[in-house]
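Student: Could you work out the structure for the sequence below:
(2 chains)
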Amino acid sequence: SQQGEEDPQALSIQEGENATMNCSYKTSINNLQWYRQNSGRGLVHLILIRSNEREKHSGRLRVTLDTSKKSSSLLITASRAADTASYFCATVPNTGNQFYFGTGTSLTVIP
Amino acid sequence: KAGVTQTPRYLIKTRGQQVTLSCSPISGHRSVSWYQQTPGQGLQFLFEYFSETQRNKGNFPGRFSGRQFSNSRSEMNVSTLELGDSALYLCASSLGQGIANTGELFFGEGSRLTVL
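Tutor: Numbers count the residues shown, from 1 in each chain, chains lettered A, B, ... in the order given. Okay, here's the model as predicted:
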């Protein structure tokens, strides 16, 4: 299966700390995207990184991509209670046109 | 610009019944895809429609079907409901230009189906 896996499954940090979550996938990709989901709600797109990019920033978010290791990481700096949510990576394989979502990391930011 | 709208938000059905869920994409988006989300299986791709044609299909039984109308609105139907069909069903729209859909997905809030 192309489905990615996020690590860790759950993460609990204090407000103001940085949060790092990782995503691993199995096949060559066109791009990798990160999404956030608040409990019981729809997913919200955070950032997209293409296979020829190694790092991308958006506000407090920093995403890295290592295609040789088939992995990506999402860093949220100076976390806030409002960042509490589940975070998913989604990959689009080179040979397909379907999104594959990872298993998600549940982040809890304690005020 | 209005977001993706899914109806109904919540519904309860019994085993053996059928259900139809509706999704209105963002104006101008021609691609609509559906996902099933459960605690055990995560997000599973059901199918994608582009300009009224099913472009891609996930690994679900034939009880799960969908369609897309000329205004890009989409419906999915699940027949002969089973307990395991209880899930959050998410619809996502995107511009979906070209053969492959590789751009950002815009999700609705989902339809939470409970099968008793």
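Student: ok but B:G84 is inside a strand, no?
Tutor: No - assessed with DSSP: H, G, I helix; E, B strand; the rest coil, B:G84 is helix; it does not lie in a strand.
Student: give the contact list for residue 5.
Tutor: Just so you know, I chose chain A. A:23-25, A:102-103 (CB atoms under 8 Å, 6 or more residues apart in numbering or on different chains). C-beta coordinates here come from the backbone N, C-alpha and C atoms, glycine included.
Student: Actually, chain B is the one I wanted.
Tutor: Here B:T5 is in contact with B:23-24, B:108 (CB under 8 Å, 6+ apart).
Student: Go back to these and keep what's next to chain A.
Tutor: B:G108 (CB under 8 Å from any CB of the partner chain).
Student: Quick one: the contacts of B:T5 as TSV, columns for distance to B:L95 too.
Tutor: Formatted as TSV, the contacts of B:T5 follow (distance: CB to CB, whole Å):
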residue	distance to B:L95
B:C23	16
B:S24	16
B:G108	16
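Student: ok, so of the contacts of B:T5, who is nearest B:W34?
Tutor: For the contacts of B:T5, the minimum distance to B:W34 (CB to CB) is 7.4 Å, reached by B:C23.
Student: So what pairs up with the closest one in the strands?
Tutor: B:Q6, B:S74 (DSSP bridges).
Student: Strands of the chain, start to end?
Tutor: Picking chain A for this. A:5-7, A:10-14, A:19-24, A:29-37, A:43-50, A:55-58, A:61-66, A:71-76, A:85-93, A:100-101, A:105-110 (DSSP state E).
Student: if you could check chain B rather than the one you did, that'd help
Tutor: Counting by DSSP E, the strands of chain B are B:5-7, B:10-13, B:19-24, B:31-38, B:42-50, B:53-57, B:64-68, B:74-78, B:87-94, B:106-107, B:111-115.
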